[in-house]
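Undergrad: No sequence on hand, only this structure:
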């Protein structure tokens, strides 16, 4: 016999968009990509921020957003930039497929839409890197269209408001429907941003400030006294540990050997020091066969550890030095240590280099 799933609790009295918007008008966050009251939102800024904020915190995104606006002040500037410059500016922000899609999207907007972002949901979804959530966010925030915007903050707020027992991700459909019922016709963009602000400030994952919440007294989880336990989540399976080796070759002229990863796959198009494949059955005994050049390689003590979304990684580091006239092998290049900030080095590779130079 199939057990019925508990339905969301209908709080009495019900929450309203007006309550949230009144709170938002007093407590809205000042963010570099957000239009001030009375200003018309810039679709380029809205789009850029939404792509950057995927799987990333506001604090981490702010300096990258400002850097991008300096380097690429418009969608035309971004579309015309070399891919290496885009990847370099993104380095350290993670989830690098976003940067590749960002660049592809800018080109598409320029080529197909004359540099003007479309406002229709279906046209937005047709652009590279823009899915259901991002298209709704852009349509709502940039163009004030009625759309249902649901990110992690909104999931938390709605799951608490209605005490949704079904765990994520299965609860996403119910959460979206309940959110859609609240979206006002007159200020959908402000409503979307208000929900995000509420989740980021008061309705936080731990120790939510229920007494200060604009929905206080109308939240089912608050009435139950267990708001911090929502949303329910299905336990994640931890990825299997992968291992590998990385080779740091330093030339006497103050340069280091680097290469660019293939454009497709993990860290696609990013810069790295040469290394082996990363695998669960990695055998260190054969690692030196993957060394980029013949040299006196020294295996350093310890490991560099890094955690990706789907798996943890452990790298053994080999270090070697060579003369200033040493040529780079095919597909690699020597880069000045002083110019590493200009390279599209992901966090794991910066860890490797710092480990070797320490």
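TA: It's in. Worth saying up front: this structure is predicted, and the values here are computed from it rather than measured. Numbering: from 1, shown residues only.
Undergrad: And residue 258, which helix or strand is it part of?
TA: strand 255-260 (DSSP states H and E).
Undergrad: Given that strand, what are its sheet partners and their directions?
TA: Using DSSP bridges, the strands paired with strand 255-260 are strand 242-251 (antiparallel), strand 271-272 (antiparallel), strand 332-336 (antiparallel).
Undergrad: closest to residue 71 out of the ones you listed?
TA: Closest of these to residue 71 is strand 271-272, at 17.2 Å (criterion: CB to CB). C-beta coordinates here come from the backbone N, C-alpha and C atoms, glycine included.
Undergrad: Provide the contact partners of the closest one at residue level.
TA: Outside strand 271-272, the residues within contact range by CB atoms under 8 Å, 6 or more residues apart in numbering are 87-88, 91, 246, 258-261, 343-346, 349.
Undergrad: The nearest residue to residue 83 once chain neighbours are set aside: how many residues sit nearby?
TA: Nearest non-adjacent residue to residue 83, counting by CB to CB, 6 or more residues apart in numbering: residue 103, 5.9 Å away. Residues lying near residue 103 (other CB atoms under 10 Å) number 23.
Undergrad: which strands and helices sit next to the helix or strand of the chain with the lowest mean pLDDT?
TA: Every helix and strand of the chain was ranked by mean pLDDT, DSSP states H and E. The lowest is helix 83-90, at a mean of 92. Packing contacts for helix 83-90, counted by 3 or more CB pairs under 8 Å, 6 or more residues apart in numbering; DSSP states H and E, involve helix 58-71, helix 97-113.
Undergrad: Report the buried residues of the last one.
TA: Going by neighbour count (16 or more other CB atoms under 10 Å), the buried part of helix 97-113 is 98-110.
Undergrad: That one vs helix 83-90, what angle?
TA: 130 degrees (axes from the mean of the first three to the mean of the last three CA atoms, to 10 degrees).
Undergrad: residues in contact with helix 97-113?
TA: Outside helix 97-113, the residues that touch it by CB under 8 Å, 6+ apart are 47-48, 51-52, 54, 72, 75-76, 78-81, 83, 86-87, 90, 93, 115-117, 123, 127-130, 263, 268-269.
Undergrad: next one: it to chain centre, how far?
TA: The chain centroid and the centroid of helix 97-113 are separated by 17 Å, computed with CA atoms, centre = their mean, to the nearest Å.
Undergrad: Can you name the next helix or strand after it?
TA: helix 121-125.
Undergrad: What mean pLDDT does the following helix or strand past that next one get?
TA: As assigned by DSSP H and E, the chain's next helix or strand after helix 121-125 is helix 132-143. The average of the pLDDT scores along helix 132-143 is 97.
Undergrad: tell me what helix 132-143 is packed against?
TA: Short answer (3+ CB pairs under 8 Å, 6+ apart): helix 132-143 packs on helix 43-53, helix 121-125, helix 188-201.
Undergrad: which residue sits closest to residue 300, ignoring its sequence neighbours?
TA: Once flanking residues are discounted, residue 300 sits nearest to residue 317: 4.6 Å by CB to CB, 6+ apart.
Undergrad: mind listing the helices for the stretch 251-358 of the chain?
TA: Using DSSP state H, counting those that start in this stretch, the helices found in the stretch 251-358 of the chain span residues 347-357.
Undergrad: which regions of it lie under the pLDDT threshold?
TA: Residue ranges of the stretch 251-358 of the chain with pLDDT under 70: none are present.
Undergrad: how close does the residue nearest to residue 83 get to residue 78?
TA: Distance from residue 103 to residue 78, counting by CB to CB, to the nearest Å: 7 Å.
Undergrad: do the same with residue 358
TA: With CB to CB as the criterion, residue 358 and residue 78 are 36 Å apart.
Undergrad: Check the burial of residue 9 by counting its neighbours.
TA: By other CB under 10 Å, the burial measure for residue 9, its neighbour count, is 16.
Undergrad: tell me the contacts of it?
TA: Residue 9 neighbours (CB under 8 Å, 6+ apart): 162-163, 220.
Undergrad: Report the residue ranges of every domain in the protein.
TA: According to automatic domain parsing, the chain comprises the domains 17-229, 242-357.
Undergrad: Tell me which of these is the most buried.
TA: Ranked by mean neighbour count, the domains of the chain are led by domain 17-229 with a mean of 18 (mean count of other CB atoms under 10 Å).
Undergrad: What is the linear distance spanned by that domain between its boundary residues?
TA: Domain 17-229 has its terminal residues 24 Å apart, counting by CA to CA, to the nearest Å.
Undergrad: And stretch 233-250, by the same measure?
TA: 47 Å.
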